[in-house]
Each structure stands twice: as structure tokens, then as C-alpha cells.
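> sequence first, predicted model second:
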There are 2 protein chains.
Amino acid sequence: MPDIIVNTQFARMRSLQLECGKEISDFTLAYECYGKPNSDRTNAILVCHGLTADAHAAGKHHDTDARAGWWDAVIGPGRMLDTDRYFVICSNVLGGCGGSTGPSSIDQSTGRPYAMSFPVLTIWDMVQAQRQLLDHLGISRLYAAIGGCMGGFQVLEWARRYPDAVDRAVVIGATPSCSAYTIALWHILRRTITADPQWNEGNYYDNAPPKTGLGLSTALGLLIWMGHDKLASRFGRLLTNGNNYSYSFDNDFAAEAFFANIEASASTRFDANSLLYLMRTMTYFDLTNGFSNLTEALAAVRANVLLVSYLSDWRYPPEAIEPMRAALTANNIPAEHTILESDFGHGAFLLDPASLIPVVQEFLSRPTQRSANPQRTAVAMQVNPEI
Amino acid sequence: MPDIIVNTQFARMRSLQLECGKEISDFTLAYECYGKPNSDRTNAILVCHGLTADAHAAGKHHDTDARAGWWDAVIGPGRMLDTDRYFVICSNVLGGCGGSTGPSSIDQSTGRPYAMSFPVLTIWDMVQAQRQLLDHLGISRLYAAIGGCMGGFQVLEWARRYPDAVDRAVVIGATPSCSAYTIALWHILRRTITADPQWNEGNYYDNAPPKTGLGLSTALGLLIWMGHDKLASRFGRLLTNGNNYSYSFDNDFAAEAFFANIEASASTRFDANSLLYLMRTMTYFDLTNGFSNLTEALAAVRANVLLVSYLSDWRYPPEAIEPMRAALTANNIPAEHTILESDFGHGAFLLDPASLIPVVQEFLSRPTQRSANPQRTAVAMQVNPEI
């Protein structure tokens, strides 16, 4: 199948009131579209991306591109998100650095990059910005929203904050909140960047970016993201130099050489400050904040919900995801939780989507079931008092 | 019970042929002793320490010390390692920085610290050095050797390399080799130190040590070391400032504040280069190296072996430890594997020893069972051809 050739597009938005209390005005979202809207514009699927991805989810920008978009394996004619049937939209998040307004953008009031003066964002801010993009595209209702990890958090916010705008929600590898372990991990990942003297309190735009910190952060992030079994089966104790230990600090082990290469080749195209801001959104994510429990927190949802987890994803394990299924069911919201096997851990939805594809395809092909929760509309109006 | 007052002692050793092929001459080991040897010197227990510990396992050096030694909870009169019965010895490892010869020691040939010119060590080198210390102390046979993590690796080498010198081996939270995941993790932990410009290729002894790198490494190491459940129960999503998010990069979460404090207060007394060398010993640890399987690798053991693992220790999990029990049993070596519960993960043997104590006490109180492996002596002579 020939590659789809796509362009990243840019939409300029009106102002947005952020959860932190600040307002951001005149911001841009980068996005790509695959397939075409149908006549009544009811076939739109929003793809929400994870931490280091961007709007370029599928196809190529040029025939000569070495690689297609980050989720090309599942977006295209006849694929899981079938562009012959669906109008697929992927937007780079607010705060990202793939063409959307973020810390590396110019603050019009100073003529300089925002850097660390950019307002601190939340997942809900990202979703509000996406809602403006959909308005701009003339889409008032989504056939589905789908995403993994940070994208999954976005889908959860979509489903409960805009219940009338989402018919189906596919949430992959996302827990109802960021655990203590993950809070600590994001903290340390941020520190690997900010400990680099070149980070310079975020003011590196006139100089070299904090390449060492970005490299370390990328390597550590990937290690945490990969499953133990995948590392064991891929590398084991394989040596880079035959059967001999060098008895030195050289990268004797293939596992060392792999991560050394990840670190050395980490792109400085990804803006370090943007990474800090996006990691911060995830620590603040907590569905139950302002609610007394998860059932109450999810009571507004109207979408049919498919939760997907992976047995090897030790950071976002099935047992941390199942309570959302139970809470949705307690609200009479049609919800199912599918647990898949893959030794790619948290990265399975990107790197090993074979088992995901039929599950999502079947879910998307079904007509939605209606729930019958009398409190639904009332609860949908409830605003989290804390935020 | 009053604290035991102890002094660290120092033994100067003859030369040692290292696994890397180099020789180290005229080296020092720091050690402490608790209790007294009996008349026939058959009551000695060797305590092998983990990565960042030292010879000061029990008691205090001065009445006014704020804290006793690192394993004081289990060493003393009437305690798990009962100093009324046993002569307990703990030696700082070769390559350490607690008074033993290591990278921060002066290289007599240059008059300057070895720094990164120190030879790369292995667990077996540490054990050979300890054997010299025991010779120095007039101990030819150990009632028991005991240790966790890096200490557990040492006990395994003791048991199979000096089979006639060890009657009982207690191995806690130690796997038969370093997994790909752990190899990669040690690599990244080393990089958090070496990425600090103050590390300066190891030549920081005339200047400030790499405090930032040591802090990051300590924080990341502790995160990896702690169990997920422990972090969840201790911190959860607890905020440092009431119920409010600051929407900033301040340490809003108690889990963030905890690790920020760990990082900031990380001692620079621990020599950064020593840490690099000790981490390196663990990546090289592999019982089966030079053998065709684990059964063969452990065939020389004569000690009765107690393996202890913790369910919450995801880096050194019970399922990675059980194959050693099976291999020992296949060799007719009396071996048992006790799996304990604790939410302290890999640190349980230090921080939550309550469940460990009766298991070890009972094991130590038993007379040894003799195995009847006809090949034992022959295999004990086999030298790993790779090393």
C-alpha cells in the first residue's frame, strides 16, 4: 500500500482559560488529518498522542521520508483506524513542540521564548484546546477518541468533561491517576534534564540545548517504559565483543550499548522545556481530585468505553486500570477492560499493536449501547471545586 | 540494651591477582568484629555488605553517634546474629571507600589517587580479598556467610569457590546473574554520575566531588530499590501544601519532596568513583559464566544454603532466585528458598527485617546436613575457563 502523503496543518485559536488560573491567548495547535469527513461529520476519530509524539501520526510528509508517522501501523485504508471509513485527526498537544504553542514559542509580550515562564498546563487544558480545534474543523461530536498513556489521560478527560461530544472512548495503558511511584519517576526524569548545566534554568534558546540531560532522560524513560522480559529476550547478557569481558567501563553488554546509543542519538529537536511541562501535566492527573470516589468522578461519561491494559506494563498495570471499569459499570456506563499480553510493556500499543488491532476494530464497528444513568446529566455539570 | 561500642579496624594484605588479569599489591581492608571467637574458632559469621554500606554493620563508634551501624537491628547479644554465640565479622569490600583500598586511595606509583586507573573489580575479587582477611584473623572456616544484594552475590561466590570454608550460606535478594534490565539500570545510574561535569573523568579529588550526579544517582537508585506499594502507602498523592496544586514546578507532592531531599542531602562522603566500580562488579556477576548451566555452576557448593527473596522485590524477584534452589537440590546440596512479604522491596532485609529474623535464626541454629554428591570435590576444582 503506498504511503499517504500528508501535511501538518496549523490552527490558530482564541484564548483559553487554563486550570492554573492563567489565560493563554492566540495559541496555535498543529494537527494532521487522514481520510475524509462524511457528509454529516459523524465519522471523526481523535487520536491523542503520548509524551514525546506529535501530530504526525500517519503517512509521510515526503515520499523520501525514512519513516512514516508514529502510529502509521494502525492508521490508513483498511487499518485499525480505517481512513476509508473514518476521518482521523491527530493534534499536537498544547505545550508540545511539534508546531503547537509551548515553552519554546515566542511570548508576544517579550519577543522572547516563554521558556519556564510558560503557564503550567494540565491534561484538561490540552483537551480544552483540542475541543477548540474540533470546533475549527466543524466537528461537534467524535465517533471515537483514542490514545495511550498521556493520550489515554486525554481521552478520559474528553469522555467525562465533554460527555455529549464522545461516542466511544478507547483508553490504552492509562490509570485513573498518577501513582506515587510515577510522580517520583517523573520528578527524577525532570531532574535529569534540569541538572544539566546547559539547561540554564530553561534559558538555552540562544545557546546549545541541554543535550546531555535530554539524552539521559530519554534513556531512563525508555528503560522504564520497556518491559523486563523484552529486555531479557532482546539482550539477555549478550556481549558486544564475542565472549569476553573487557574488565573496563566500555559497553561490554549489548544492553549497555543499546542505551548508550539511545542517549547519544537522543534528538535535541524535542524541546527540553516542553518535555518538563508535559511530564508535569501527568503528575497533576487525578480523576478523583474533587470527587469522593472514582465512581463519582466518572459518573458524567456517556461514551462507550474500552479500556486496554498490558500484563507486562508494570507502571500502568491491569489492576490499576480495572477500578475504572468497575466505576463505569457502577454508573451503568457500557465499559469493558481488555487485558493483552505483549513483552513490550508500556510501549506495546506503539511497538506491538497486533493484539490491539482486532480488539479496537471490533469495538469501533459496534453501534453504541446507551446507558441509563438518571444522574448523568446533573453530574456532568459538576465542576471540580479544587481546580 | 546498651549500644556496643566498636572500632573499625584495618588489615593490610599481601597482593591479589584480580580477575581482570592485573595484580593489586599491598591493599587494605577495613573491618569490624562483634562478639568473640570461640576456642576452636568455629563460630565466625561473615557479613557481606551491599552497594553503599561499609564495615560498620553494628554498634556505635561513639556513645554520641546518632545512628548505629547499617545492620544493627540484627547483630548483637540475643539478636539474629547473636554476638553472645557468634563471632561476627563485617569487612568493607575491596574497591569500597569505607577505609578499604579503592579508587580514592593513593596509587603508590604516582602519589595520586587511582581514580579511574584503579583496576576493574569483580565480586570474586572482593571474596578473595575477604579470604585474606579471614586468614589474617585466623579463621579458616565460616559457621556462616550472610549478605543481601551485592552481599548476596559475595556469599554465592564464597560458597562455590571456597566450598570447604563455608558451612552455611544465607543469600538474600540476589539472583544468579545480573539481568539485562539491571545491566541497563546500572549503566544509567553510572551515567547520572559521569554526566556531571564535576565528575571530570574521575579526576575530582583536588576539586569538588560530582555532588549533582551523586544526588541524582542516589535518588534514582532509591526509587528503583523501593517497592511500588511502599511508595503508594507512604506517599500516595499526598500534597505538601494542603489540598492545593501550585501549578508550578515546586515539589507539590510529598513523593517529590522526599526524593528532592534525598538528592539534596546525598552524601558526598561516598566516593563517586567507588560507586562506579562497585556497580560494575554487579554487571559482571554471572554464576553460569564458563559453565553450561546453573546446576553445573553450583555443583561445588558444600554449604547448607538458605535463599531468601521478597515478593515485592521486582528487580530480584522470587522466580529469578528459585532456579538456584533447584540447581542446588539437583546437586544434592541441602538448600531452601524462603519467600517473604514486605512492602519495602529490595530494601526489606535492611528496613523491615522482622520476618527475616526468625527464618535466619532457625537456619543458623540447625546442625548442617551433609550432602552426598560424589562429583563435588572434583567440580570444586574446576576453574571457570572464561575468567
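Nice, I can see it.

> contact residues of the stretch 251-387 of chain A facing chain B?
A:251-253, A:255-256, A:258-260, A:263, A:276, A:280, A:283-284, A:286, A:314, A:386-387 (C-beta under 8 Å from any C-beta of the partner chain). For the C-beta atoms, the positions are set from N, CA and C on the backbone; glycine is no exception.

> need the helices for the stretch 101-250 of chain A, in chain order.
A:123-136, A:150-161, A:180-194, A:211-225, A:228-234 (DSSP state H, counting those that start in this stretch).

> which of those is buried the deepest?
The highest average neighbour count among the helices of the stretch 101-250 of chain A, using mean count of other C-beta atoms under 10 Å in any protein chain shown, belongs to helix A:150-161 at a mean of 27.

> and the angle from that one to helix A:123-136?
70 degrees (axes from the mean of the first three to the mean of the last three C-alpha atoms, to 10 degrees).

> CA-only coordinates of helix A:150-161 in PDB, if you can.
Only the C-alpha atoms of helix A:150-161 are listed here, as PDB (Å, rounded to 0.1, in the frame of the first residue of the first chain):
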ATOM      1  CA  MET A 150      -0.700  10.700  28.200                       C
ATOM      2  CA  GLY A 151      -3.100  10.200  25.200                       C
ATOM      3  CA  GLY A 152      -5.200   7.900  27.400                       C
ATOM      4  CA  PHE A 153      -5.400  10.500  30.100                       C
ATOM      5  CA  GLN A 154      -6.700  13.000  27.500                       C
ATOM      6  CA  VAL A 155      -9.400  10.500  26.300                       C
ATOM      7  CA  LEU A 156     -10.600  10.100  29.900                       C
ATOM      8  CA  GLU A 157     -10.900  13.800  30.300                       C
ATOM      9  CA  TRP A 158     -12.700  14.100  26.900                       C
ATOM     10  CA  ALA A 159     -15.200  11.400  27.900                       C
ATOM     11  CA  ARG A 160     -16.100  12.900  31.300                       C
ATOM     12  CA  ARG A 161     -15.800  16.600  30.600                       C
END
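
> and that helix, does that touch chain B?
No. Judged by C-beta under 8 Å from any C-beta, helix A:150-161 and chain B are separated, with a smallest distance of 14.5 Å.

> circling back to that earlier point, dump the helices of the stretch 101-250 of chain A to a markdown table, plus mean pLDDT.
Shown next, in a markdown table, are the helices of the stretch 101-250 of chain A (pLDDT from 0 to 100):
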| stretch | mean pLDDT |
| --- | --- |
| helix A:123-136 | 98 |
| helix A:150-161 | 98 |
| helix A:180-194 | 97 |
| helix A:211-225 | 93 |
| helix A:228-234 | 88 |
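
> just the buried residues of the residues of the stretch 251-387 of chain A next to chain B.
Buried subset of these (neighbour count, 16 or more other C-beta atoms under 10 Å in any protein chain shown): A:251-253, A:255-256, A:258-260, A:263, A:276, A:280, A:283-284, A:286, A:387.

> in helices, which of the residues of the stretch 251-387 of chain A next to chain B appear?
Secondary structure from DSSP state H places A:Ala255, A:Glu256, A:Phe258, A:Phe259, A:Ala260, A:Glu263, A:Leu276, A:Arg280, A:Thr283, A:Tyr284 of those in helices.

> spatially nearest residue to the first one, not counting backbone neighbours?
By the measure of C-beta to C-beta, 6 or more residues apart in numbering or on different chains, the closest residue to A:Ala255 outside its immediate chain neighbours is A:Phe235, 4.1 Å from it.

> cool, and the second one?
Closest residue to A:Glu256 apart from its sequence neighbours, by C-beta to C-beta, 6+ apart: B:His187 at 4.5 Å.

> out of the ones in helices among the residues of the stretch 251-387 of chain A next to chain B, who's nearest A:Leu214?
A:Glu263 (8.9 Å; C-beta to C-beta).

> distance of that closest one relative to B:Leu276?
Note on A:Glu263: its distance to B:Leu276, by C-beta to C-beta, to the nearest Å, is 16 Å.

> same question, A:Cys178
Using C-beta to C-beta, we find A:Cys178 at a distance of 32 Å from B:Leu276.

> also A:Glu336?
49 Å.

> and stretch A:197-215, what's buried?
Result for stretch A:197-215 [16+ other C-beta under 10 Å]: buried residues A:198-200, A:202, A:204-205, A:209-215.

> need the residues of the stretch 101-250 of chain A near chain B, please.
So far as C-beta under 8 Å from any C-beta goes, the stretch 101-250 of chain A lies against chain B at A:116, A:119-120, A:122, A:177-181, A:183-185, A:187-188, A:190-192, A:195-197, A:212-213, A:216, A:219-220, A:223, A:228, A:231-232, A:234-237, A:243-245, A:247-249.

> kindly recompute the last result at 7 Å.
Applying C-beta under 7 Å from any C-beta of the partner chain, one finds that the stretch 101-250 of chain A approaches chain B through A:120, A:177, A:179-181, A:183-185, A:187-188, A:191-192, A:195, A:197, A:212, A:216, A:219-220, A:223, A:228, A:231-232, A:235-237, A:243, A:245, A:247-249.

> the strands in the stretch 201-350 of chain A, which residues?
Using DSSP state E, counting those that start in this stretch, the strands found in the stretch 201-350 of chain A span residues A:304-310, A:335-340.

> A:Ser292 is in contact with A:Trp327, correct?
Let me fix one detail, which is that residue A:327 is Ala and not Trp. No. The pair A:Ala327 and A:Ser292 does not pass the contact test of C-beta atoms under 7 Å, sitting 11.9 Å apart.

> neighbour count for those two, which is higher?
A:Ala327 (22 against 8; other C-beta atoms under 10 Å in any protein chain shown).

> quick one: residues contacting the more buried one.
A:Leu294, A:Thr295, A:Leu298 (C-beta atoms under 7 Å, 6 or more residues apart in numbering or on different chains).

> swap in A:Tyr284?
A:Thr122, B:Tyr245.

> could you list the domains of chain A?
A:9-178+A:287-380, A:183-280 (automatic domain parsing).

> include distance to B:Asn304 when you put those domains into CSV, please.
Below are these laid out as CSV (distance: least, C-beta to C-beta, whole Å):
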stretch, distance to B:Asn304
domain A:9-178+A:287-380, 35
domain A:183-280, 29
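
> among the ones you listed, which is nearest B:Trp158?
The nearest among these, by C-beta to C-beta, is domain A:183-280 at 20.9 Å.

> and stretch A:14-26 with chain B, contact?
Yes. Counting by C-beta under 7 Å from any C-beta, chain B is contacted by stretch A:14-26 at A:Cys20.

> endpoints of that stretch, how far apart?
5 Å (C-alpha to C-alpha, to the nearest Å).

> buried sites along it?
A:Leu16, A:Leu18, A:Glu19, A:Cys20, A:Ile24.

> and which of those is nearest to chain B?
A:Cys20 (3.4 Å; C-beta to the nearest C-beta).

> OK, contacts around the closest one?
Applying C-beta under 7 Å, 6+ apart, the residues near A:Cys20 are A:Pro119, A:Val120, B:Tyr247.

> contacting residues for A:Leu278?
So, once contact is read as C-beta under 7 Å, 6+ apart, A:Leu278 ends up touching A:Leu51, A:Gly95, A:Gly96, A:Met150.

> again, only this time at 6 Å
A:Leu51, A:Gly95 (C-beta atoms under 6 Å, 6 or more residues apart in numbering or on different chains).

> coming back round to it: can you list the ones in helices among the residues of the stretch 251-387 of chain A next to chain B in a markdown table and add pLDDT?
Formatted as a markdown table, those follow (pLDDT from 0 to 100):
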| residue | pLDDT |
| --- | --- |
| A:Ala255 | 97 |
| A:Glu256 | 98 |
| A:Phe258 | 97 |
| A:Phe259 | 97 |
| A:Ala260 | 97 |
| A:Glu263 | 96 |
| A:Leu276 | 98 |
| A:Arg280 | 98 |
| A:Thr283 | 97 |
| A:Tyr284 | 97 |
